[in-house]
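Enquirer: sequence first, then the predicted structure, then my questions.
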Amino acid sequence: MRAKWHLFVALLLLGAMAGGCAYTKDRVNDLIDVAGAKVLAGGGVRAAFGFGPYRSPVSVGWYNLHKYGFEGRAAGHWTESGGDLVIPLEYEIAAHWGNEELGENVDEYYDIVAASENVSSYRTYPLNRYRNYGDAQITFFPGCLGVEVNVSPIQVCDFVLGFVTIDIVRDDHDSREADDEMDDEMEVADAD
């Protein structure tokens with residue numbers, strides 16, 4: 001049984017690397033979405049446990065961090081700075097290099113901030129595509145070097161259900177295209 005599982009995973013990865021079909025890429029991406037790990041470097045201190053889509057932390061610290069690693073599909077190098085006293089007092093994030101998903105995460109974060117500052121936008125308050133209810137994240141940065149890890153039980157469900165083409169997170173190729181088309185139609189309607 002174990003050999004069949006290893007063969008199955010190897011075929012999925014080979015299909016994705018060879019530019020395989022959207023279905024195969026979606027399954028590999030859904031598996032990648034399950035967890036994240038980052039090495040932290042910089043100044044300050046921070047200890048945090050974040051839970052939920054916005055990772056509202058139970059956190060204490062003041063920091064200016066460089067993060068290297070991945071969080072689901074977002075991978076690369078980014079900086080986060082701010083201060084927390086149980087809740088965030090100040091927070092900024094910037095992507096320096098990495099894949100497209102890292103840039104999307106940063107852009108979506110600032111879209112969320114803009115929506116929260118504009119009461120009329122609450123009805124269209126965006127939810128980050130790669131963060132979900134039930135997500136958990138732990139950050140330990142005692143100064144100079146640290147680590148951060150996260151896991152998403154909902155992404156585990158999305159990965160498993162994806163094999164029968166159920167996309168509960170709406171992050172597969174077809175779902176993203178449909179969402180982009182709907183956004184384009186809404187922009188045209190708003191312009192009228």
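Expert: Received it, and whenever you're ready, just let me know what you need. In this text the structure is predicted, and so the values were computed from the model without any measurement.
Enquirer: could you point out which element follows the longest strand anywhere in the chain?
Expert: Longest strand in the chain by number of residues (criterion: DSSP state E): strand 74-98. For strand 74-98, the following helix or strand on the C-terminal side (DSSP states H and E) is helix 100-117.
Enquirer: between that next one and strand 74-98, how big is the angle?
Expert: 90 degrees (axes from the mean of the first three to the mean of the last three Cα atoms, to 10 degrees).
Enquirer: mind listing what Ile154 touches?
Expert: Contacts for Ile154 (Cβ atoms under 8 Å, 6 or more residues apart in numbering) come out as 132-135, 168-169. Using the backbone N, CA and C atoms, a C-beta is placed for each residue, glycine as well.
Enquirer: where exactly do the strands run in the chain?
Expert: Secondary structure of the chain, counting by DSSP E: strands at 35-51, 56-71, 74-98, 136-141, 144-151.
Enquirer: for Ile93, state which of the contacts of Ile154 is nearest.
Expert: Asp135 (16.5 Å; Cβ to Cβ).
Enquirer: the closest one: neighbouring residues, count only.
Expert: Asp135 sits with 23 neighbouring residues when counted by other Cβ atoms under 10 Å.
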